[in-house]
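Colleague: how would this look folded up:
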Amino acid sequence: MRLLVIDDEESIRKTTTVVLEGMGHEAVAAGNRAEALRELDMARFDVAFLDLKLVGESGLDILPELLKSSPQMDVVVCTAYASIETAVEAMRLGATDYLPKPFTPEQIRQTLRKIVKTRKLADRVAELESRLSTQAPAADLTTCEPAVQRVLDVAFKAAATPATIMILGESGTGKTVLAHAIHERSLQRDNAFVTIHCPSLSRELLESELFGHVRGAYTGAVTDTWGKVAAADGGTLFLDEIGELPLEIQPKLLRLLQEREYERIGEAKTRHAKVRVMAASNRNLEQAVREGRFREDLFYRLRVFTLRLPPLRERWGDLMRFAQGYLESFSRQCGKRITDFSPQVRQAMEAYAWPGNLRELRNVVEHAVILAGGDQIELSDLPDQLGQTALPSRGDAIKVGMRVSLEELEDEHIRRIIAQTASVEEAAKILGIGRSTLFKKRKAKM
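Modeller: A predicted model of the protein is given here:
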């Protein structure tokens with residue numbers, strides 16, 4: 001943490017800062033109110049140790065100014081003139097704790113431990129409240145598909161280890177949900193789960209977001225900033241779409257993984273972070289390595305465990321169970337009593353390829369619930385792209401794994417792709433065959 005020591009005795013300031021730095025924190029000293037406020041104006045601090053008896057000033061008078069300048073900061077008041085009255089008054093004014101002088105290093109450690117524990121609980125409550133406020137459907141990590149179950153079994157075995165985990169899969173397959181589930185089953189579960197979306201920022205801002213920067217490191221860096229690595233210390237750092245990480249930043253991430261060390265931008269001081277790293281990608285990273293867009297050493301360091309989440313089109317056994325779960329959740333949110341999907345809707349959903357995977361399924365069900373006027377979802381409630389897949393019934397839909405020939409399986413797949421595309425060219429591109437080949441296959445089935 002970044003700590004501010006406010007005391008008018010130079011010897012106490014030096015001793016306290018040495019002790020705090022020896023504990024692994026960064027400490028800055030101030031001898032009076034003006035110096036303290038100047039430091040708070042330049043940088044963010046987690047905790048301030050405030051002497052109540054300063055030359056010509058009272059710590060009780062300064063305390064409200066400190067909290068006004070930095071509302072998220074915890075203030076620990078210290079004095080050799082300890083009394084119940086001053087302790088009560090300090091707490092009333094917003095102090096977090098009270099230390100009588102002289103205090104020992106162990107007393108400081110205990111005080112900081114209490115602050116850290118309280119902050120973790122507050123962060124946990126905030127995270128849970130955020131989840132509840134979104135009223136999102138609960139994550140479903142059950143499956144009837146053996147391939148998916150094998151992925152989950154490996155994931156939850158690896159969760160209890162510090163091993164780095166790479167989660168691969170198309171967009172919308174639930175990579176972030178799985179990462180959260182692994183974190184909840186890990187030794188880091190009581191600490192932060194911090195996500196950074198690699199494609200969302202420029203190289204400069206992404207590096208600052210990851211590692212932090214010091215004041216003046218670049219144009220616009222007006223204060224010291226701690227990055228996501230520091231925020232995830234003791235917990236999990238989840239790098240979403242790691243394939244978009246710029247080459248210039250990749251050596252710094254590799255150093256973090258191998259040495260647990262990093263440096264903020266504009267600062268030469270080496271810092272340490274005990275973080276469990278997980279990454280996700282919808283890209284072919286092996287191809288990115290071959291093309292020189294991703295470091296080979298970083299690639300192998302990240303894939304201690306590699307988990308591949310299948311797309312929804314390969315999880316037909318789970319499709320309607322997921323849809324039913326979303327239906328119940330969104331029905332409650334909308335104050336409706338919609339209990340099922342019509343047979344035509346089920347046929348359309350099972351015939352659709354779901355290129356957006358679980359994310360698209362969720363959006364489709366929410367859309368249908370909002371439009372539905374009865375107690376079940378009808379074809380007219382579905383978005384256009386699904387309504388077009390409601391072809392005349394051909395008996396039980398053919399699915400992967402059924403006891404059917406390859407010819408029948410191919411015929412059914414081609415039929416479904418053609419039903420949901422706007423042109424033969426688009427269908428041929430998805431199928432990975434030429435336009436003339438697709439025409440021949442269609443003609444052979446006529």
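
Colleague: Next, work out how far apart residue 205 and residue 166 are.
Modeller: Remark: distance between residue 205 and residue 166 (Cβ to Cβ, to the nearest Å) = 24 Å. Where C-beta positions appear, they are placed from N, C-alpha and C, glycine not excepted.

Colleague: out of those two, which sits in the more crowded spot?
Modeller: residue 166 (22 against 13; other Cβ atoms under 10 Å).

Colleague: outside of the strand or helix carrying the more buried one, which residues touch it?
Modeller: Per DSSP states H and E, residue 166 falls inside strand 165-168. With contact meaning Cβ atoms under 8 Å, 6 or more residues apart in numbering, strand 165-168 is reached by 155, 158, 175, 178-179, 182, 242, 278-282, 285, 302-309.

Colleague: Select from those residues every entry located in strands.
Modeller: Within the contacts of strand 165-168, residues falling in strands by DSSP state E are 278, 279, 280, 281, 305, 306, 307, 308.

Colleague: now the third one, which residues is it bridged with?
Modeller: Going by DSSP bridges, residue 280 is paired in beta bridges with residue 167.

Colleague: wait, it sits on residue 177?
Modeller: No: with contact defined as Cβ atoms under 8 Å, residue 280 does not reach residue 177; the gap is 10.5 Å.

Colleague: what about the two, which has more around it?
Modeller: Neighbour count, other Cβ under 10 Å: between residue 280 and residue 177, residue 280 has more, with 24 against 15.

Colleague: top helix in the chain by residue count?
Modeller: Longest helix in the chain by number of residues (criterion: DSSP state H): helix 105-134.

Colleague: Over the strand holding residue 166, what's the mean pLDDT, rounded is fine.
Modeller: The pLDDT scores in strand 165-168 average 96.

Colleague: how far out from the middle of the chain is that strand?
Modeller: 14 Å (Cα atoms, centre = their mean, to the nearest Å).

Colleague: buried set for stretch 435-443?
Modeller: residue 438 (16 or more other Cβ atoms under 10 Å).

Colleague: before we move on, what about stretch 239-248?
Modeller: Judged by neighbour count (16+ other Cβ under 10 Å), stretch 239-248 contains these buried residues: 239, 240, 241, 242, 243, 244, 245.

Colleague: With distance to residue 52 and pLDDT added, can I get those residues in CSV?
Modeller: Formatted as CSV, the buried residues of stretch 239-248 follow (distance: Cβ to Cβ, whole Å; pLDDT from 0 to 100):
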residue, distance to residue 52, pLDDT
239, 45, 96
240, 47, 95
241, 50, 94
242, 49, 95
243, 54, 93
244, 51, 92
245, 49, 93
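
Colleague: Run through the stretch 101-250 of the chain and note the low-pLDDT ranges.
Modeller: For the stretch 101-250 of the chain, the stretches with pLDDT under 70 are 126-139.

Colleague: Helices along that one, start to end?
Modeller: 105-134, 146-159, 175-184, 203-211, 228-231, 250-259 (DSSP state H, counting those that start in this stretch).

Colleague: any chance of the ones you listed in a markdown table, plus distance to residue 400?
Modeller: Shown next, in a markdown table, are those (distance: least, Cβ to Cβ, whole Å):
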| stretch | distance to residue 400 |
| --- | --- |
| helix 105-134 | 34 |
| helix 146-159 | 10 |
| helix 175-184 | 22 |
| helix 203-211 | 39 |
| helix 228-231 | 40 |
| helix 250-259 | 37 |
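
Colleague: To residue 385, which of those lies closest?
Modeller: helix 175-184 (23.5 Å; Cβ to Cβ).

Colleague: now the angle from the closest one to helix 146-159?
Modeller: Orientation check (axes from the mean of the first three to the mean of the last three Cα atoms, to 10 degrees): helix 175-184 against helix 146-159 gives 40 degrees.

Colleague: Export helix 175-184 to CSV, keeping only CA atoms.
Modeller: Listed next in CSV are the C-alpha coordinates belonging to helix 175-184 (Å, rounded to 0.1, in the frame of the first residue of the first chain):
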residue,chain,number,x,y,z
LYS,A,175,-14.7,-17.8,-20.8
THR,A,176,-15.1,-15.0,-18.2
VAL,A,177,-17.7,-17.0,-16.3
LEU,A,178,-15.4,-20.0,-16.2
ALA,A,179,-12.5,-17.8,-15.0
HIS,A,180,-14.7,-16.4,-12.2
ALA,A,181,-15.6,-20.0,-11.2
ILE,A,182,-12.0,-21.0,-11.1
HIS,A,183,-11.2,-18.0,-8.9
GLU,A,184,-14.0,-18.9,-6.5
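
Colleague: where do the helices sit along the stretch 251-400 of the chain?
Modeller: Taking DSSP H, counting those that start in this stretch as the test, the helices found in the stretch 251-400 of the chain are 285-290, 296-302, 316-334, 343-351, 357-371, 384-387.

Colleague: Distance-wise, check the residue nearest the centre of the chain relative to residue 209.
Modeller: With distances taken as Cα atoms, centre = their mean, the residue of the chain nearest its centroid is residue 195 (3.0 Å). Counting by Cβ to Cβ, the separation of residue 195 from residue 209 is 11 Å.

Colleague: Same check on residue 202?
Modeller: The spacing between residue 202 and residue 209, counted by Cβ to Cβ, is 10 Å.

Colleague: Equivalent analysis for residue 2, please.
Modeller: 18 Å.

Colleague: so who does residue 43 touch?
Modeller: Residues near residue 43 by Cβ under 8 Å, 6+ apart: 2, 28, 215, 223, 224.

Colleague: mind running it again at 6 Å?
Modeller: When contacts are counted by Cβ atoms under 6 Å, 6 or more residues apart in numbering, residue 43 touches 223, 224.

Colleague: May I have the beta-bridge partners of it?
Modeller: residue 224.

Colleague: check contacts around the residue nearest to the centre of the chain.
Modeller: 238, 240.

Colleague: sorry, back to before: make a markdown table out of the ones in strands among the contacts of strand 165-168 and add distance to residue 265 and pLDDT.
Modeller: Output for the ones in strands among the contacts of strand 165-168, formatted as a markdown table (distance: Cβ to Cβ, whole Å; pLDDT from 0 to 100):
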| residue | distance to residue 265 | pLDDT |
| --- | --- | --- |
| 278 | 24 | 97 |
| 279 | 22 | 97 |
| 280 | 25 | 96 |
| 281 | 25 | 95 |
| 305 | 31 | 95 |
| 306 | 31 | 95 |
| 307 | 32 | 96 |
| 308 | 35 | 95 |
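
Colleague: and which of those is nearest to residue 411?
Modeller: Among the ones in strands among the contacts of strand 165-168, and counting by Cβ to Cβ, the member closest to residue 411 is residue 308, at 27.8 Å.

Colleague: Compute the distance between the closest one and residue 418, please.
Modeller: 28 Å.

Colleague: swap in residue 117?
Modeller: For residue 117, the distance to residue 418 equals 60 Å [Cβ to Cβ].
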